[in-house]
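**Q** Below: sequence and its predicted model.
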Amino acid sequence: MQESHSFFTFLIDHLQQFFQYTAFANFTLGHVVMILVGLAFIYLAIAKEYEPMLLIPIGFGILIGNVPFYPGLKIGIYESGSVLNYLYFGVIQGIYPPLIFLGIGAMTDFSALISNPKLMLIGAAAQLGIFGAYAAALFLGFSPSEAGAIGIIGGADGPTAIFLASKLAPELIGAIAISAYSYMALVPVIQPPVMRLLTTKKERVIRMKPPRQVSKLEKILFPIVGLILTTFIVPSGMPLLGMLFFGNLLKESTVTKRLADTAKGPMIDIVTILIGLTVGASTQATTFLTPKSVGIFALGAASFIVATFGGVMFVKIINLFLKEGNKINPLIGNAGVSAVPDSARVSQVVGLEYDKTNHLLMHAMGPNVAGVIGSAVAAGVLLSFLY
């Protein structure tokens with residue numbers, strides 16, 4: 001009888017010990033909330049096709065990061081020695097973003113921008129969202145470094161947001177990255193109402209001259225001259241700008257096609273998987289669900305709206321000084337943010353609503369790629385005086 005009682009006690013003790021190592025014993029309401037967020041990301045990616053290449057890795061990463069576990073098992077992303085922690089190293093040290101910029105450079109055609117250089121100014125104007133969010137974050141009590149990292153969300157550039165946050169506010173990387181990528185995916189939802197509100201029917205049907213043919217020499221010189229001009233002004237943006245222009249030279253030189261294909265294909269795909277999965281996993285409810293995270297999401301939405309406002313209004317202003325026939329359709333002003341090519345597609349879609357024969361995509365790609373450069377330059381400016 002005593003032996004039976006001892007066995008029963010032994011069994012209960014071990015079952016209790018086993019239970020404390022399961023997710024059920026460490027589950028909180030916060031984990032439920034974050035798992036629902038992860039499922040929402042996956043739903044938007046599959047059902048709505050909102051940035052599936054980003055939202056599926058991030059959404060699944062959120063699920064991984066919010067499976068509760070017993071501390072000390074070296075499986076959590078914040079536990080030193082865990083596999084996820086090693087993969088996350090590329091995020092917190094800012095390694096992944098420059099590699100993504102290399103791939104973006106290798107797949108980007110800057111012809112629309114080269115043929116009409118004044119479109120660069122639209123990309124610069126859209127960075128108003130960055131500095132507007134920076135000022136708002138300071139007003140809400142964030143430190144200057146945190147405000148700078150939050151502000152870059154307004155550039156609609158996930159890799160740049162991660163790169164800057166890794167330098168200025170590593171503890172906020174998860175919230176900033178999730179916010180940046182969420183609003184990038186929601187570009188088709190956020191931008192059109194702002195564009196319609198700020199433009200008249202007459203402005204929406206403005207026809208722009210077809211872009212001129214750009215020579216091969218111009219395409220080769222652009223990344224070289226672009227690198228020198230931008231990095232001499234903002235050297236702190238070199239990790240991003242250097243890789244962007246290097247990737248573009250690989251593409252445009254035509255003698256390094258294999259390298260360009262690798263950069264814009266397998267390499268950027270691998271890095272996108274790693275950055276999406278680890279950023280998603282970094283949203284552990286125990287460290288992620290804070291008032292600061294909620295504030296960052298609100299500021300991210302506001303910065304996106306301000307960036308769209310800045311781009312569209314800038315076009316309306318410069319149109320006052322342009323002759324008829326040379327005016328710019330203000331619907332491409334939204335494309336000054338760095339969400340390539342989604343914001344340019346929004347310009348095209350909204351434009352076709354008012355004139356089925358007025359195709360704005362090629363024109364919108366000019367400020368869109370300028371926005372990539374502009375957000376990297378803005379990140380360099382913030383880094384230079386906040387780091």
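**A** The structure has been received and is ready for your questions. Numbering: from 1, shown residues only.
**Q** so what pLDDT did residue 321 get?
**A** With respect to pLDDT, residue 321 scores 91.
**Q** nope, residue 10 is what I was after
**A** 67.
**Q** same thing with residue 6?
**A** pLDDT, residue 6: 73.
**Q** Equivalent analysis for residue 213, please.
**A** If you check residue 213, the pLDDT there is 91.
**Q** Residue 246 versus that one, what's the distance?
**A** 25 Å (C-beta to C-beta, to the nearest Å). Where you see a C-beta, it was placed from the backbone N, CA and C, and this is true even at glycine.
**Q** ditto for residue 349
**A** Applying C-beta to C-beta to residue 349 and residue 246 gives a distance of 33 Å.
**Q** who has more neighbours, the two?
**A** Comparing residue 349 with residue 246 by other C-beta atoms under 10 Å, the one with more neighbours is residue 246, at 19 against 14.
**Q** which element is the more buried one on?
**A** Applying DSSP states H and E as the criterion places residue 246 in helix 238-252.
**Q** Beyond that helix, next helix or strand please.
**A** helix 257-262.
**Q** And that next one, what's buried?
**A** By neighbour count on 16 or more other C-beta atoms under 10 Å, the buried set for helix 257-262 is 259, 260, 262.
**Q** now those as a markdown table including distance to residue 37 and pLDDT?
**A** Shown next, in a markdown table, are those (distance: C-beta to C-beta, whole Å; pLDDT from 0 to 100):
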| residue | distance to residue 37 | pLDDT |
| --- | --- | --- |
| 259 | 38 | 97 |
| 260 | 36 | 97 |
| 262 | 34 | 97 |
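**Q** confidence score at the residue nearest the centre of the chain?
**A** With distances taken as C-alpha atoms, centre = their mean, the residue of the chain nearest its centroid is residue 158 (1.8 Å). Listed pLDDT for residue 158 reads 86.
**Q** try residue 1
**A** Turning to residue 1, the model gives it a pLDDT of 54.
**Q** Burial check on residue 265, number of neighbours?
**A** Residue 265: 13 neighbours (other C-beta under 10 Å).
**Q** can you check residue 220 too?
**A** For residue 220, using other C-beta under 10 Å, the count is 16.
**Q** Next: the one 3 residues further on.
**A** Counted with other C-beta under 10 Å, the neighbours of residue 223 add up to 24.
**Q** now swap in residue 35 and tell me
**A** With other C-beta under 10 Å as criterion, residue 35 counts 17.
**Q** swap in the one 5 residues further on?
**A** Other residues near residue 40 come to 14 when the count uses other C-beta under 10 Å.
**Q** now swap in residue 295 and tell me
**A** Counted with other C-beta under 10 Å, the neighbours of residue 295 add up to 18.
**Q** With the one 10 residues further on instead?
**A** Residue 305 sits with 18 neighbouring residues when counted by other C-beta under 10 Å.
**Q** and what of the one 10 residues further on?
**A** Look at residue 315: counted by other C-beta under 10 Å, it has 28 neighbours.
**Q** OK, contacts around it?
**A** Going by C-beta atoms under 8 Å, 6 or more residues apart in numbering, residue 315 touches 122, 328, 329, 330, 332, 333.
**Q** can you do 10 Å?
**A** By C-beta atoms under 10 Å, 6 or more residues apart in numbering, the contact set of residue 315 is 119, 121-122, 125, 198-199, 203, 206, 322, 327-334, 336, 367.
**Q** Show the buried residues in these.
**A** 119, 121-122, 125, 198-199, 203, 206, 327-334, 336, 367.
**Q** how about the strands in the chain?
**A** Here the chain has no strands by DSSP state E.
**Q** For it, give me the ranges with low pLDDT.
**A** 1-5, 7, 10, 14 (pLDDT under 70).
**Q** Going by length in residues, pull out the top helix of it.
**A** helix 291-319 (DSSP state H).
**Q** Identify each buried residue in that one, please.
**A** 292-293, 295-297, 299-316, 318-319.
**Q** try stretch 188-195
**A** In stretch 188-195, counting by 16+ other C-beta under 10 Å, buried: 188, 190, 191, 192, 194, 195.
**Q** what residues does it touch?
**A** Residues from elsewhere that reach stretch 188-195, judged by C-beta under 10 Å, 6+ apart: 44, 48-51, 156, 183-184, 204, 301, 304-309, 311-312, 330-335, 337, 339, 342-343, 345-347, 349-351, 353.
**Q** from these, which ones fall inside helices?
**A** 44, 183-184, 204, 301, 304-309, 311-312, 342-343, 345-347, 349-351, 353.
**Q** Next one: the residue nearest to residue 253 when sequence neighbours are not counted from residue 365, what distance?
**A** Leaving out its chain neighbours, the residue that sits closest to residue 253 by C-beta to C-beta, 6 or more residues apart in numbering is residue 220, at 6.0 Å. Distance of residue 220 to residue 365, computed by C-beta to C-beta: 19 Å.
**Q** Thank you, goodbye.
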